[in-house]
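1. Attaching a predicted model along with its sequence, questions to come.
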Amino acid sequence: MMDELMEVEEWIEDEEFIEDSWMELEKARGEKVIKCTKKKQKASKNNSFEELIIIFEDTDNLDIEETYGIKINGKSIIAGQHDRNNTSFKEINVKKLKGKRFLEYVAGQIEDISGPELNLTLAFEKGYSIEISDYSLIEEYK
């Protein structure tokens, strides 16, 4: 019985994390990228992750400063551009996203050898996108 309660609590916490994550991404939809940076972080000796920070123009005036930022942590973050036919994906520097409008995001979970992995794709205009594998954090960046 206690194990079942712990599993339910863990599931609820996961659901709250996903809902909060989507809320942050929803706020940024339709906004133009002002600045985008990516850097590698070291959490512990054997564990490293990448951090993505995107600053958007805030046309909805959610913030007094007229910008809105999102920070995302993941195991791997790759920015790229698809060609017109969507047949190839060319890796690019995240700085090339400046001036592009954030269109959509797709989140999903895949089963890996080590367990479930949360993946996220952010789509921008003109075929640009960011692929984030095993994301662990999506929050507002101030």
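-> Looks like it arrived, so ask away. Numbers count the residues shown, from 1 in each chain.
2. For the rest of this, base every contact and every neighbour count on C-alpha atoms.
-> Fine.
3. So for this protein, which residue is the most central one in space?
-> I72 (4.9 Å; C-alpha atoms, centre = their mean).
4. Doesn't that one lie inside a strand?
-> Yes: assessed with DSSP: H, G, I helix; E, B strand; the rest coil, I72 lies in a strand.
5. going forward, begin numbering at 474 instead of 1
-> Yep, numbering from 474; the last one is I545 now.
6. contacting residues for it?
-> I545 is in contact with E524, L525, I526, Y608, S609, L610, I611, E612, counting by C-alpha atoms under 8 Å, 6 or more residues apart in numbering.
7. mind checking how far the closest residue to the fourth one other than its chain neighbours is from G572?
-> Closest residue to Y608 apart from its sequence neighbours, by C-alpha to C-alpha, 6 or more residues apart in numbering: G547 at 3.9 Å. Here the criterion is C-alpha to C-alpha, to the nearest Å. By it, G547 lies 24 Å from G572.
8. got the contact list for A552?
-> E564, I565, N566, V567, Y601, S602, I603, E604.
9. I611 now?
-> For I611, the contacting residues are S494, E497, I543, K544, I545, N546, by C-alpha under 8 Å, 6+ apart.
10. Run through the bridge partners of the fifth one.
-> For I545, the beta-bridge assignment (DSSP bridges) gives partners L525, I611.
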